[in-house]
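*Asks:* have a look; sequence and predicted model below, questions after that.
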Amino acid sequence: METPTARVLEEGRYRVGVSQVSPYRYYYMTVSPFKGLEIDGRVTEIFDTKSSSPTWKDYGNYKDKAIDIKYQFLPEGKYTPALAFGIMDPHGTRIYTGQYIVASKQIYPFDFTIGIGNGRFGRKPIASDKEFGIEILEDTAGWLSDAQIFGGIQFTPHPKVAFMVEYNPIRYEKQTTDPAQAKHFSGPVASKINYGVRIMPFDWTEIDISYQRGEQIGVNVSLAFTLGRPLLPIFDPPYIEKKELMDSPLAQRISRGLYKSGFYDIGVTTAGSTIWVVAANDRYFYTPRALAAMLGVLNKMLPENIDKVCIILTERGIPVVEFTTRREDIRYYHDEVFTAGEFLYLAEIATGVYEVPEAKLNYKKYLFYGLKPEINALVNDPSGFLKFRAGASGWVGVNPWRGASLVAGVAAYPLNDVSSSNTPLSIPVRSDFVDYMDNNLLLSMLMFEQIAKFKHEIYAKVAAGLLEVQYAGIDGEIAVPLFDGRFFAGVGGSFVKKRDPSNPLALNNSDWSDNYTTAFVNTRLNIPELEVYVDVKAGRFLAGDHGARVTVSKNFNGVVLSAWYSFTDTSVFSDPYNRGYHDKGIAVSIPLRLFLGRDSRVVHDFSVSPWTRDVAQDIYHRTSLFDFIGRNAKIYIDKDKEEFQ
C-alpha cells in the first residue's frame with residue numbers, strides 16, 4: 001500500500017505494475033540487480049492537476065519521475081527481523097523524497113513491519129532546493145527530529161490470499177511541495193489506517209485492493225519475472241551424419257557437420273597428426289558451448305592418426321579464441337571417462353591468436369542481414385508526456401574480406417506521433433533529434449567498417465559513411481584487453497557532420513567547418529564474479545563538453561541491464577537546460593535465445609534517455625571494440641566453462 005517493508009525481490013527478479021488511489025496513479029518497475037538491493041523507477045500522475053506554465057498546456061495531468069533504492073542490509077533470521085534502509089527520490093525535483101529504516105519479521109501466518117522515516121513520511125516535507133540529497137547521512141539529527149513511525153501487519157491464511165493493515169503517517173495536508181496538496185489535501189485525511197487484500201492467482205501476479213485514508217479505494221496490479229530465464233528450455237540437437245555421406249573426404253565431412261551445427265566460414269587442414277579447424281560461430285551465445293558443439297562433431301569423424309586438435313573461432317574473419325586438445329581426451333570426455341571440468345583442465349584456451357592457418361573456407365557467409373522491432377519514446381515533452389514511434393529496423397550487408405563490412409540499414413515506423421514544442425538548444429547535438437524522428441522511413445546507416453587484430457591482442461576499427469540517423473563521417477577506435485581481460489583499455493574518436501533530415505543521402509550543409517569531433521580514453525573493468533562490468537568514457541563529447549560518462553552493467557544469463565551517469569564541464573552551453581545537467585539513462589539487451597527454445601547469438605538492445613539535452617553525447621557506434629571482444633576475453637571464457645555441454 002503506502003508504506004514500505006523490509007522485504008526485497010530475489011536477486012535477478014523484476015516487477016512491473018500500475019496502482020491507483022486518488023488523486024495518484026503510479027506506473028513502476030522494480031528490479032533487484034544484486035542480493036538485497038532493490039531499485040524502483042516510477043512515474044506519479046496526479047489527477048486533475050496541471051502545470052501552471054502556458055508552455056505545458058497540452059501536457060495533461062502533472063507527472064513526476066523518481067527513482068527509489070532499498071537495501072536489505074540484514075536478512076531475516078530465525079529470531080531476528082529483516083532490516084532495510086530506503087532512499088526515496090534522492091535526485092531531481094525530489095517531490096516525494098525521504099529516507100527510512102524498516103524492520104520486518106514473519107511469525108507465520110503473520111508478517112509484522114515497523115519503520116521510521118522522514119520527508120514523505122515525516123512531520124514536514126523536505127525543501128526541494130538542491131538537485132541531490134540524502135538527509136539521513138547529511139544531517140542525522142535533523143532526520144531523526146523530522147521522522148515519524150509507520151508500520152503494518154500482513155496475515156496470509158492461504159498462499160494465494162493475504163490481508164493487510166498499515167499505519168500510514170503521511171501528513172498530506174503539510175506536503176506543500178506535492179502538486180496535489182493544494183487541490184486535494186486542504187486538511188488532514190479522514191484516517192491514517194489503511195486496509196487491503198492481496199490476491200496472488202499465479203506465482204508471477206499480484207492484485208491488491210485497498211481502502212485508504214478512510215475515503216479512497218486503491219487498486220494495484222503487478223507482474224514479476226526472473227531476468228534471463230528462458231521461456232522454453234534451450235536445446236540444440238546434435239548433428240547426426242547420414243550413412244551415405246560418411247565416405248566423403250574428411251574436410252568435407254567436418255565442414256558439413258559444423259555448418260549443420262551452426263557454424264560458417266569453415267576451414268579444415270591437417271599437418272601430420274595435427275588437425276586445424278577454423279570456424280565462425282553463428283549460433284551459440286557462449287563460446288564454451290560453441291566449442292562443445294564442435295567437439296561433438298569432431299569426435300565422430302576424426303581418424304585414429306590424428307593426435308592433436310586445434311580449433312580457432314573467428315568473428316567476421318578475425319580470430320578470437322584458440323582451443324587446443326588431444327584426440328584421445330575428446331574421446332574420453334564423450335565416453336564420460338572425463339568430466340567436463342577434467343577435460344577443460346587438460347585443454348588449452350588462448351585469446352592471443354591473431355592469425356589463422358591457410359585453408360580453403362567452406363560455407364562462406366558473404367551476405368548478412370537482420371530485423372528487429374523498434375519502439376522509441378519521447379517522454380516528458382511539454383506538448384505531451386508520452387510520444388512514441390513503433391516499427392522495425394532492418395539491415396543487410398556483405399563481408400568482402402576479413403574484418404570488413406559494407407552495411408546498409410533502414411527503419412520504418414508506421415506508428416509515429418513524435419513531435420515536440422521544444423526548440424533546439426544552444427549547441428544542438430541531440431536536442432534537434434525530433435527533426436529526424438518525424439520521418440516514418442529512414443536510411444539509418446550506409447557505411448563501411450574494418451576491424452583488425454594484431455599481436456598482443458590489439459584490436460583496431462575504422463568506420464566511414466552514414467554512421468547513424470543523425471551523423472555521417474569517420475569513426476575510429478583501438479582497444480586491448482589486459483590481465484586476461486579483467487581490464488579493457490582503449491582510445492577512440494570521430495569526425496562527423498550532421499545529415500540532412502529531409503534528404504537521406506545529403507549532409508545538412510557543405511560547410512566543412514560546421515563539424516563535430518570527439519576524442520575519448522575508454523576503460524572497462526570486468527567483474528565476472530558478480531557478472532558486472534563498469535565502463536568509463538572520458539574526453540571530449542560531441543558538443544565540446546569535456547568530462548566522463550560512467551556506465552554500470554549487470555548480466556543475467558545474457559540479459560544485460562545498464563545505467564549511466566555523466567560528469568562534464570557544461571560551461572560550453574549558454575542555455576539553462578544543459579548547464580549543470582548530467583546525462584543519464586538506462587538500457588537493456590535481450591537475447592533472442594530466451595524465447596526460441598534453441599541457442600542464438602541475436603541480441604536486441606533498447607535504451608531510455610533524454611533526447612532533449614546535449615550534455616555528454618556521442619555518436620552511435622555499430623561496433624564497439626569492447627563489446628566485440630566481450631565474453632571472448634580469457635577471464636570470461638574461464639567463467640563460462642560451466643556452459644560447456
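*Replies:* All right, it came through fine.
*Asks:* contacting residues around the residue nearest to residue 329 when sequence neighbours are not counted?
*Replies:* Distances taken as CB to CB, 6 or more residues apart in numbering place residue 346 nearest to residue 329, at 5.4 Å, with adjacent residues excluded. Where C-beta positions appear, they are placed from N, C-alpha and C, glycine not excepted. Listed by CB atoms under 8 Å, 6 or more residues apart in numbering, the contact set of residue 346 reads 325-326, 329, 338.
*Asks:* same thing with residue 575?
*Replies:* 425-426.
*Asks:* cool, residue 257 as well?
*Replies:* 239, 241, 297, 300-301.
*Asks:* residue 445 and residue 395, how far apart?
*Replies:* Separation of residue 445 from residue 395 (CB to CB, to the nearest Å): 7 Å.
*Asks:* then residue 300?
*Replies:* Distance from residue 300 to residue 395, by CB to CB: 37 Å.
*Asks:* helix or strand: which one has residue 63?
*Replies:* According to DSSP states H and E, residue 63 maps onto strand 62-74.
*Asks:* now the helices for the stretch 501-645 of the chain?
*Replies:* 593-596, 625-629, 634-639 (DSSP state H, counting those that start in this stretch).
*Asks:* show me where the stretch 1-150 of the chain has strands.
*Replies:* 13-21, 24-31, 37-46, 62-74, 82-88, 98-107, 110-117, 148-158 (DSSP state E, counting those that start in this stretch).
*Asks:* mind putting those into TSV with distance to residue 518 and mean neighbour count?
*Replies:* Listed next are those as TSV, based on distance: least, CB to CB, whole Å; neighbours: other CB atoms under 10 Å:
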stretch	distance to residue 518	mean neighbour count
strand 13-21	34	18
strand 24-31	31	18
strand 37-46	29	19
strand 62-74	28	18
strand 82-88	34	21
strand 98-107	39	20
strand 110-117	44	20
strand 148-158	49	16
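*Asks:* looking at the contacts of residue 257, state which has the most neighbours.
*Replies:* Greatest neighbour count in the contacts of residue 257, by other CB atoms under 10 Å, goes to residue 297: 24 neighbours.
*Asks:* grab the nearest non-local neighbour of that residue.
*Replies:* In space, residue 297 is closest to residue 257, 4.0 Å off (CB to CB, 6+ apart).
*Asks:* A strand includes that neighbour, no?
*Replies:* No. Secondary structure of residue 257 (DSSP: H, G, I helix; E, B strand; the rest coil): helix, not part of a strand.
*Asks:* which pLDDT value belongs to it?
*Replies:* Looking at residue 257, its pLDDT reads 96.
*Asks:* residue 62 too?
*Replies:* The predicted structure scores residue 62 at 90 on the pLDDT scale.
*Asks:* these two touch, right, it and residue 50?
*Replies:* Yes. If you go by CB atoms under 8 Å, residue 62 and residue 50 touch, sitting 6.1 Å apart.
*Asks:* which helix is the longest one in this protein?
*Replies:* Longest helix in the chain, counting residues (DSSP state H): helix 287-299.
*Asks:* can you name the next helix or strand after that helix?
*Replies:* With secondary structure assigned by DSSP H and E, helix 287-299 is succeeded by strand 308-315.
*Asks:* let's have the contacts of residue 257 in TSV, adding distance to residue 479.
*Replies:* Below are the contacts of residue 257 laid out as TSV (distance: CB to CB, whole Å):
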residue	distance to residue 479
239	35
241	40
297	32
300	38
301	37
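*Asks:* show me what the longest helix of the chain is packed against.
*Replies:* helix 250-260, strand 274-281, strand 308-315, strand 318-326, helix 327-334 (3 or more CB pairs under 8 Å, 6 or more residues apart in numbering; DSSP states H and E).
*Asks:* enumerate every residue touching residue 326.
*Replies:* In this structure, residue 326 makes contact with 307-309, 346, judged by CB under 8 Å, 6+ apart.
*Asks:* domain assignment for the chain?
*Replies:* 65-226, 243-364, 367-637 (automatic domain parsing).
*Asks:* run a quick neighbour tally on residue 244.
*Replies:* As a measure of burial, residue 244 has 7 neighbours, counting by other CB under 10 Å.
*Asks:* what does the one 4 residues further on give?
*Replies:* The number of residues packed near residue 248 is 14, by other CB under 10 Å.
*Asks:* same question for residue 371.
*Replies:* 10.
*Asks:* is it fair to say it lies in a strand?
*Replies:* Yes. The assignment for residue 371 by three-state DSSP puts it in a strand.
*Asks:* for it, which non-adjacent residue is spatially closest?
*Replies:* Per CB to CB, 6+ apart, closest to residue 371 is residue 394, 4.5 Å.
*Asks:* check which helices and strands the host helix or strand of the one you found sits against.
*Replies:* According to DSSP H and E, residue 394 maps onto strand 384-398. Counting contacts by 3+ CB pairs under 8 Å, 6+ apart, strand 384-398 is packed against strand 367-381, strand 404-416, strand 441-454.
*Asks:* what's the angle between that strand and strand 404-416?
*Replies:* For strand 384-398 against strand 404-416, the angle by axes from the mean of the first three to the mean of the last three CA atoms, to 10 degrees is 150 degrees.
*Asks:* where does this structure have low pLDDT?
*Replies:* 610-611 (pLDDT under 70).
*Asks:* most neighbours out of the contacts of residue 326, which is it?
*Replies:* residue 309 (22 neighbours).
*Asks:* from residue 333, how far off is it?
*Replies:* In terms of CB to CB, residue 309 sits 12 Å off from residue 333.
*Asks:* and residue 48, by the same measure?
*Replies:* Using CB to CB, we find residue 48 at a distance of 69 Å from residue 333.
*Asks:* also residue 215?
*Replies:* Residue 215 is 70 Å from residue 333, where distance means CB to CB.
*Asks:* residue 108 now?
*Replies:* 48 Å.
*Asks:* with neighbour numbers in mind, choose between the two.
*Replies:* Per other CB under 10 Å, whichever of residue 108 and residue 333 has more neighbours is residue 333, with 23 against 6.
*Asks:* buried stuff in stretch 495-504?
*Replies:* 496-499, 501, 504 (16 or more other CB atoms under 10 Å).
*Asks:* give me the contact list for it.
*Replies:* Counting by CB under 8 Å, 6+ apart, residues outside stretch 495-504 touching it are 435-436, 438-439, 442-443, 466-467, 469-475, 506-508, 512, 514-517, 542, 619.
*Asks:* run through the residues that contact residue 170.
*Replies:* Taking CB under 8 Å, 6+ apart as the test, what residue 170 contacts is 2, 120-121, 192.
*Asks:* quick revisit: off-centre distance for the strand holding residue 63?
*Replies:* When distances are taken as CA atoms, centre = their mean, to the nearest Å, strand 62-74 is centred 19 Å away from the chain's centroid.
*Asks:* run through the bridge partners of residue 276.
*Replies:* Note on residue 276: beta-bridge partners by DSSP bridges are residue 269, residue 310.
*Asks:* need the contact list for it.
*Replies:* Shown in contact with residue 276 (CB under 8 Å, 6+ apart): 267-270, 310, 312, 357, 359.
*Asks:* distance of it relative to residue 11?
*Replies:* 43 Å.
*Asks:* likewise for residue 621?
*Replies:* From residue 621 to residue 11 the distance is 31 Å (CB to CB).
*Asks:* kindly export stretch 285-301 (C-alpha atoms) in PDB.
*Replies:* C-alpha atoms of stretch 285-301 as PDB (Å, rounded to 0.1, in the frame of the first residue of the first chain):
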ATOM      1  CA  PHE A 285      25.600 -17.400 -27.200                       C
ATOM      2  CA  TYR A 286      28.500 -18.700 -25.000                       C
ATOM      3  CA  THR A 287      31.900 -19.600 -26.600                       C
ATOM      4  CA  PRO A 288      32.400 -22.800 -24.500                       C
ATOM      5  CA  ARG A 289      29.000 -24.000 -25.700                       C
ATOM      6  CA  ALA A 290      30.100 -23.500 -29.300                       C
ATOM      7  CA  LEU A 291      33.400 -25.400 -28.600                       C
ATOM      8  CA  ALA A 292      31.400 -28.300 -27.100                       C
ATOM      9  CA  ALA A 293      29.200 -28.400 -30.200                       C
ATOM     10  CA  MET A 294      32.300 -28.500 -32.500                       C
ATOM     11  CA  LEU A 295      33.900 -31.200 -30.400                       C
ATOM     12  CA  GLY A 296      30.700 -33.300 -30.600                       C
ATOM     13  CA  VAL A 297      31.000 -33.200 -34.400                       C
ATOM     14  CA  LEU A 298      34.800 -33.900 -34.500                       C
ATOM     15  CA  ASN A 299      34.600 -36.800 -32.000                       C
ATOM     16  CA  LYS A 300      32.500 -38.800 -34.500                       C
ATOM     17  CA  MET A 301      34.700 -38.100 -37.500                       C
END
